[in-house]
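Participant: whatever this is, show me its structure:
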Amino acid sequence: VLNEEKIVVIHHSAGATDASDFAAIVRSYYRYHVEFNGWDDIGYNYLVSPDGQIFEGRGDDLLGAHFCGTNSGTVGICLIGNYQERFPAQAGLDALRKLLAFKNCQKNIDPQGFAFHLSSGLNLDQISGHRDGCSTLCPGQELYDYLPVLRQAVEKQIFDSCRTLEAPVIQISSIDHERIQLQWNDPYNQEHGFILEIAENDPEQFNTQLEFPVNTTRHSFPFEEGTLYYFRVLAMFPRQLGPCSNIVS
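Facilitator: Prediction:
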């Protein structure tokens, strides 16, 4: 069943923390879910081992079985191990962070955002713990308490690697007697909008800012005769701004 993923749900397996053959552990989960539970496949979309291996379960865009019967709109990621009283190994957390950054870039999910989850009727963090929607201790108290730090780390990972942080390029496409037609490129995949900065007569004093929604790449600016205008553009991201473009006049 195809599934539009909006909420990433973090789990722990509640066992096998100190295993040495995690591929065998994943196979055992598969057998349990399919042969004992009668499901079509393993319940999780992905699994991450404490030593940093990433295993594909059901994979991308397929409806999982991991969120107490309200699975639509979610992707389930299980960190193998029991983290109720034990903090996860760093290698596993690093792999989980990278996988979350990939999923958030791929699905345009804000790692520190919220979304209404229709199946459960809940407003959830877009990176949530299993217990946020179900009566369970999962993903363990230690891992659950770490989720705010993990969300911040995923956001930084996205900004550093998933987004293309080259500066946009702006140009004047045409001028008539009343308006200047401006156009710029959009080299990003997760900006929240753009800011057009305008200076009058002095290219060091950009005192006017106009904000535009995501994917905007043009603007028609009314000008006054006798004023020399300078323009530059930059993108808005959650809690930070991208680099400024070139300046055109």
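Participant: how close does the nearest residue to residue 85 once chain neighbours are set aside get to residue 132?
Facilitator: Nearest residue to residue 85 in three dimensions, chain neighbours excluded: residue 142, at 6.6 Å (CB to CB, 6 or more residues apart in numbering). Heads up, the C-betas are built off the backbone N, CA and C, glycines and all. From residue 142 across to residue 132, the span is 16 Å (CB to CB, to the nearest Å).
Participant: these two: which has the busier surroundings?
Facilitator: residue 132 (21 against 15; other CB atoms under 10 Å).
Participant: which non-adjacent residue is nearest that one?
Facilitator: Residue 132 sits nearest to residue 124 (CB to CB, 6+ apart), 5.7 Å away.
Participant: ok, residue 72 - contacts?
Facilitator: 3-4, 63, 118-119 (CB atoms under 8 Å, 6 or more residues apart in numbering).
Participant: okay, who's weakest in the residues you listed by pLDDT?
Facilitator: Among those, residue 3 carries the lowest pLDDT, at 69.
Participant: mind listing the residues bridging to the residue nearest to residue 132?
Facilitator: residue 115 (DSSP bridges).
Participant: so how far is residue 130 from it?
Facilitator: Distance of residue 124 to residue 130, given as CB to CB: 11 Å.
Participant: follow-up on the earlier one: just give me the closest of the contacts of residue 72 to residue 193.
Facilitator: Closest approach between the contacts of residue 72 and residue 193, by CB to CB: residue 4, at 23.0 Å.
Participant: okay, now residue 117: neighbour count?
Facilitator: The local packing of residue 117 (other CB under 10 Å) involves 22 other residues.
Participant: which residues sit in contact with residue 173?
Facilitator: 181-183, 218.
Participant: out of the residues you listed, who has the most neighbours?
Facilitator: Neighbour counts for the contacts of residue 173 peak at residue 182, which has 21 neighbours (criterion: other CB under 10 Å).
Participant: name the nearest residue to it, ignoring sequence neighbours.
Facilitator: Nearest one to residue 182, counting by CB to CB, 6+ apart, is residue 219 at 4.9 Å.
Participant: ditto for residue 157
Facilitator: Using CB to CB, 6+ apart, the closest residue to residue 157 is residue 101 (3.9 Å).
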